[in-house]
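>>> Here's a sequence, model it:
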Amino acid sequence: SILYCTNEGEIQSTGSSVGGILGTGRKSLAPVVITGCHNTAAVTGKGYLGGVAGRLYEGSVLTDCYNTGDVTSISSTNIGGVAGALAGGNGYVSSMTRCYNTGNIISAGQYTGGVVGDNDEETYYEDCYNTGDIISSAKYAAGFAGGMSGKAVNCYNTGNVEASGYGIGGFGGIGGGEIHNCFNLGNVTSTSAANSYGVAGGLWGYGRCKIYNSYNMGKVSGQGYVGGIAGGTFDGFTLVNSYNAGEIATPDTTHSGNICPINNDKELYLTNVYYDTDVNKGFTPSNTDALAKGVSTRDLTLCNALEGDTVFTLIPGMYPTIKAQAQNELANWFAAVPVVGEGEDYQHVRSAFTVGTPAGTVWTTSEHLFLKDGKVDSNENGAAWVTKTYGDLVKTYNLVIERATGVDGIGTDAAIVKTDYYTVSGVALGSQRPDAAGVYIAKDYYTNGKSAAHKIVVSGK
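Reported below is the predicted structural model:
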């Protein structure tokens, strides 16, 4: 047992089985237990390389452990932010609970993951995550596990994954693992040539994995054989109550898919699966996509079929989010989107629209848009924009207003019943006229139900 221990010293090794806390365990009737330990320093070595532990055998238990140092492999395989490899089998289940990695992983070998490099079937993960970036010059790299054969529950990845091989995923690289209530927000990029096994996927590189109540919002890029959920699938691939809202960037749409690429003679099981057609306009659906349902951003945010499952929740102006991650501000920032009216899109906005306003997310707007209580309207037609920020993260949505919602049809005999004030960037200030000197937007509400906005200049007290 290693309990509540810390390492802050840099580790450099020319050998393998290297970790910030433990290099390797051993096969024993008394398995290794590591609790409340963390590493904050850089770790460099060959294979079986991890921020906390290098190689762990059957029955190992890690609880409340984390790594914040960069992990760099100079060769070989099995490189992970928490552990390089976690074995399980022969009735001995290995587990990680509430473990995470925030360090970057730079790998020259295959089987590279933000949490674990490779694992066996009898391994279990719960409430674990990775936020570090993964850069690999080999195949089988992923945000959570490069080789994923175990089971993960309530886990996620937000780090970007870039590799020169195939089998690259936002969550798992290769394997027949099983995940429940998991998601990926990181961008997934493969620079290798197309490979029919499967190059890159928002959640999985390729394999006969089983995915339940999960989603991808990361951008997936590759030369071909890329998919919003998986880059490639084998017989037995299962996808239930899940969706893709991530962009797909590839020159070869014939061998790619909103969910996964075309599959011939494969026995796949898709139930209650969706993808956002507004995110990937004009993308040719694969035959596997036909087993799912393509819907607009608006319809996906209102998807009662997902809400009906106890895992997801629906919030106005947001994609379905996992209830167990309700306080995850980063996940909520990704989920918050402008939701326009039925039959509209961002280039044809004809009515007031909604944006998600979770804690931590800040919206700003162009000059003629006005935001209050999650509702956005306009007093002028033409090009406009709304921008959401969270810390250093920024995303702008460009819009074209075709019918302003705040100026049409105000009768000359109508009286003003209320006025709200805003900054010129659209931040609501309430109904009290500002005292500080500056330029503001005043929005007047009339007795006939109409409204109009105009600029005012306040000279100060």
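>>> and the residue nearest to N184 when sequence neighbours are not counted, what does it touch?
In space, not counting the residues next to it along the chain, N184 is nearest to G170; the distance is 3.0 Å by CB to CB, 6 or more residues apart in numbering. For glycine as for every other residue, the C-beta is placed from the backbone atoms N, C-alpha and C. Contact analysis of G170 by CB atoms under 8 Å, 6 or more residues apart in numbering lists 142-143, 157, 161, 184-186, 188, 201-204, 216, 218, 220.
>>> Below-threshold pLDDT in the stretch 351-461 of the chain: ranges please.
Residue ranges of the stretch 351-461 of the chain with pLDDT under 70: 406-416, 447-448, 450, 454-455, 457, 459-461.
>>> one step back: out of the contacts of G170, give me the one that has the most neighbours.
The most neighbours of any of these, using other CB atoms under 10 Å, belong to G201, which has 42 neighbours.
>>> so which helix or strand takes in the nearest residue to K293 once chain neighbours are set aside?
Spatial nearest neighbour of K293, excluding adjacent residues (CB to CB, 6+ apart): Y274 at 5.2 Å. Assigned by DSSP states H and E, Y274 falls within strand 269-276.
>>> Distance-wise, check the residue nearest to K293 relative to G167.
Y274 is 25 Å from G167, where distance means CB to CB, to the nearest Å.
>>> And these two? Which one has more around it.
Between Y274 and G167, G167 has the larger neighbour count (other CB under 10 Å), namely 32 against 23.
>>> which residues touch the nearest residue to that one once chain neighbours are set aside?
If the residues on either side of it in the chain are set aside, G167 comes closest to G205, at 3.6 Å by CB to CB, 6+ apart. Applying CB under 8 Å, 6+ apart, we find G205 in contact with 140, 142, 166-169, 172-174, 198-199, 230-232.
>>> Save the residues you listed as a markdown table, and put in distance to V311 too.
Formatted as a markdown table, these follow (distance: CB to CB, whole Å):
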| residue | distance to V311 |
| --- | --- |
| Y140 | 28 |
| A142 | 22 |
| Y166 | 31 |
| G167 | 27 |
| I168 | 26 |
| G169 | 21 |
| G172 | 19 |
| G173 | 24 |
| I174 | 26 |
| G198 | 26 |
| V199 | 29 |
| A230 | 20 |
| G231 | 25 |
| G232 | 26 |
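>>> From those, which shows the smallest pLDDT?
Among those, G198 has the lowest pLDDT, at 84.
>>> Now that one: which helix or strand?
Counting by DSSP H and E, G198 is found in no helix or strand.
>>> how much space between it and S1?
40 Å.
>>> Between the two, which is the more surrounded one?
Set G198 next to S1 and count neighbours by other CB under 10 Å: G198 wins out with 30 against 9.
>>> The more buried one and G224 touch, don't they?
No: if you go by CB atoms under 8 Å, G198 and G224 don't touch, sitting 10.1 Å apart.
>>> could you list every residue that touches the residue nearest the centre of the chain?
Nearest to the geometric centre of the chain sits L185, at 1.6 Å (CA atoms, centre = their mean). By CB under 8 Å, 6+ apart, the contact list for L185 reads 156-158, 170, 217-218, 330-331, 334.
>>> Same list (these) but as a markdown table, adding distance to S107, secondary structure and pLDDT.
Formatted as a markdown table, those follow (distance: CB to CB, whole Å; DSSP: H, G, I helix; E, B strand; the rest coil; pLDDT from 0 to 100):
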| residue | distance to S107 | secondary structure | pLDDT |
| --- | --- | --- | --- |
| Y156 | 21 | strand | 98 |
| N157 | 15 | strand | 98 |
| T158 | 18 | coil | 98 |
| G170 | 16 | coil | 98 |
| M217 | 24 | coil | 98 |
| G218 | 19 | coil | 97 |
| L330 | 24 | helix | 96 |
| A331 | 26 | helix | 97 |
| F334 | 26 | helix | 97 |
